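Enquirer: Fold the following, please.
(one chain, ligands or ions: 1)
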Amino acid sequence: MPKYIFVTGGVVSSLGKGIASASIGKILESMGLKINIIKCDPYINVDPGTMNPFQHGEVYVTKDGAETDLDLGHYERYTNAVLTRDNNITTGKIYYSVITKERKGEYLGKTVQIIPHITDEIKNNIKKVAYNKRVDIIIVEIGGTVGDIESLPFLEAIRQMKLELGRGYAINIHLTLVPYIKSAGEIKTKPTQHSVGRLREIGISPDIILCRSERKLTKEARDKIALFCNVDREAVVPAIDVKSIYEVPIALRKEGLDRLIVRLFNLKCYDSDLSGWENKVLKKINHYSKDVKIAVVGKYIALQDAYKSIYEALFHSAIANDSKLVIKKIDSEDIEKNGVAKYLKDVQGILVPGGFGDRGIEGKIIAIQYARKNKIPFLGICLGMQTAVIEFSRNVCGFRNANSTEFNKKTKHPVISLLEEQQKVIDKGATMRLGAYECKIKKDTKAYNSYRREVILERHRHRYEFNNEYRSVLEEKGLIFSGFYLEGNLVEIVELKDHPWFVACQFHPEFKSKPDNPHPLFKNFIKSAIIV
Ligand code: GLN
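Expert: You can find the predicted model right below:
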């Protein structure tokens, strides 16, 4: 029977519940346990795919094509858990399913209510993942902060599950903030006491309290939290700020979180061992011989989370190349206003990420032209490939007004356009080309030299495609088409020959990069950025 760890958060948001959950997963995997991780999001959108990145941050795509919360990206980067659409449960999804059942008459004669119908649906969705994935332990992260109205049904569901499963089968790890008050020169435990109080009001007693703090937890503070929050002293686990998010599993293990979980679940397993992670990731983070400065030219630059997986993938490849990553975030609209050289003259590589809508497009095209002409290593992702094709069509092939029909429906040269099947689509939710598709790679190309494989699987999230009518003209002018989705006759990768490294792909390689296994395209991009 699977065991459940419910992770909740108190005091404030952004404490790193996602990283904590992923780190717990990492520690447990190192003990030989099979784990999986679920994220519950209390918003009413069925998935985050319809939200603006400024609202929600990046939309992470699973291999089966679900648009999910970015925390799933952390789970996949830290662990070997295979995540699918069932790993992200939202209020929208739960209500959608309950209301559909109600219309079918599945609750005939009954008043449909939050308790038990919504809470049962939540519980069944959680259990489904635990059973289908045949895990020893399932970690369930509840989004939001205790005390929010929105997350109450999720908390009620886990309260019931804890009761039903009984001791030894379900625990709650509550992550709180223990702030340091400078003027008093002290850390304060009161916010933690209050947030645990809120949890207990709704019937949940935490088994472990993870105390996020910038300072060391004093013995007095630990004792106080234990006493007032009704947990053992060892169950008050310090989570002191660390330099890198990848250090968190090691820090939590040092504080004894592994042994605590073993005891609470009475587990028979190996001792935890993170030496591989320590050698392959941590040691490299702390030892580098050079810097590598990469420009990311996008339009959601102001928000740290909007290009999360891209920044992480760059970081993984930088450490694999023995270098320290310096990211220069550039708003493509600034390039339109102020010119390009000013922003790009001091960088070693240029990355244009994905995006939607025409704001900032021209700035991206100018940045790509700069990379092409000045032979600066370039990586284009999704919209980054589409804009690279537009740039090449306009400035090399002489198709002056070449564009994507996303930005100009009536363009004379629609080098990027909608496939017929997409033209009929009206709904916006989950209707793009989503998830993993096979890509066949041409030999003797930069793509092949990176992957060293002929067939790869990469994840997608887009509507528009390269327009095959332009393939031969662009090819004649020197654009290399190095990757295809054969079944759909679609272009997946383009690149340039007489350039140190100019590669752009229609898919999102960033979703598959891990700190101990960087993505080959990112790795070679960074490698050439260092060499050039
Ligand atoms: N807006 C483009 C499309 O829908 C690119 C999407 C993306 O970059 N993810 O095709």
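
Enquirer: Only C-alpha atoms from now on, for both contacts and neighbour counts.
Expert: Will do.

Enquirer: Strands of the stretch 51-200 of the chain, residue ranges please.
Expert: Applying DSSP state E, counting those that start in this stretch to the stretch 51-200 of the chain gives strands spanning 60-61, 67-68, 88-90, 137-142, 170-177, 180-181, 186-187.

Enquirer: elements contacting the fifth one?
Expert: The one in question is strand 170-177. In this structure, strand 170-177 packs against strand 3-9, helix 152-165, helix 190-201, strand 208-213, with contacts taken as 3 or more C-alpha pairs under 8 Å, 6 or more residues apart in numbering; DSSP states H and E.

Enquirer: Neighbouring strands of it in the sheet, and parallel or not?
Expert: With DSSP bridges as the test, strand 170-177 is paired with strand 3-9 (parallel), strand 208-213 (parallel).

Enquirer: Which one of those lies nearest to the ligand?
Expert: Of all the strands paired with strand 170-177, strand 3-9 sits nearest to the ligand, with 30.7 Å by C-alpha to the nearest ligand atom.

Enquirer: what ranges do the strands span in the stretch 201-350 of the chain?
Expert: Along the stretch 201-350 of the chain, the segments classed as strands by DSSP E, counting those that start in this stretch run 208-213, 236-240, 290-298, 323-331, 349-352.

Enquirer: isn't E438 right next to E458, touching?
Expert: Yes - with contact defined as C-alpha atoms under 8 Å, E438 and E458 form a contacting pair (6.7 Å).

Enquirer: Neighbour count for those two, which is higher?
Expert: Counting neighbours by other C-alpha atoms under 10 Å for E438 and for E458 shows that E458 has the greater number, 20 against 16.

Enquirer: mind checking the backbone torsions on that one?
Expert: Dihedral angles phi and psi of E458 (degrees, to the nearest 10) take the values phi -140, psi 160.

Enquirer: In terms of helices and strands, where is the nearest residue to E469 once chain neighbours are set aside?
Expert: Nearest residue to E469, sequence neighbours excluded (C-alpha to C-alpha, 6 or more residues apart in numbering): V415, at 8.0 Å. V415 is part of strand 414-418 when elements are defined by DSSP states H and E.

Enquirer: Mean neighbour count added to the strands of the stretch 51-200 of the chain, as TSV?
Expert: Shown next, in TSV, are these (neighbours: other C-alpha atoms under 10 Å):
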stretch	mean neighbour count
strand 60-61	26
strand 67-68	26
strand 88-90	25
strand 137-142	24
strand 170-177	25
strand 180-181	14
strand 186-187	16
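
Enquirer: so the nearest residue to L252 once chain neighbours are set aside bridges to which residues?
Expert: Sequence neighbours aside, A239 is the residue nearest to L252 in space, at 6.7 Å (criterion: C-alpha to C-alpha, 6+ apart). Beta bridges link A239 to R212 when assigned by DSSP bridges.

Enquirer: List the contacts of A239.
Expert: When contacts are counted by C-alpha atoms under 8 Å, 6 or more residues apart in numbering, A239 touches L210, C211, R212, S213, A251, L252.

Enquirer: Show the pLDDT at the residue in the stretch 251-400 of the chain that the ligand sits nearest to.
Expert: The ligand sits closest to G354 of the stretch 251-400 of the chain, with a gap of 3.0 Å, by C-alpha to the nearest ligand atom. The per-residue pLDDT reported for G354 equals 95.

Enquirer: if I pick it, what's in contact with it?
Expert: For G354, the contacting residues are G298, I381, C382, L383, G384, by C-alpha under 8 Å, 6+ apart.

Enquirer: where does it fall, phi/psi-wise?
Expert: Torsion angles, degrees, to the nearest 10, at G354: phi -80, psi 170.

Enquirer: okay, now the closest residue in space to it that isn't next to it in sequence: neighbour count?
Expert: Setting aside the residues directly before and after it, G354 is nearest to L383 in space (C-alpha to C-alpha, 6+ apart), at 4.4 Å. By the measure other C-alpha under 10 Å, the count of residues near L383 is 25.

Enquirer: so L383 sits right up against H508, yeah?
Expert: No - in terms of C-alpha under 8 Å, L383 does not count as a neighbour of H508; the distance is 10.0 Å.

Enquirer: Could you give the number of residues near A313?
Expert: Counted with other C-alpha under 10 Å, A313 comes out at 24.

Enquirer: Look up how far K514 lies from it.
Expert: 7 Å (C-alpha to C-alpha, to the nearest Å).

Enquirer: and if you look at K284?
Expert: Distance from K284 to K514, by C-alpha to C-alpha: 14 Å.
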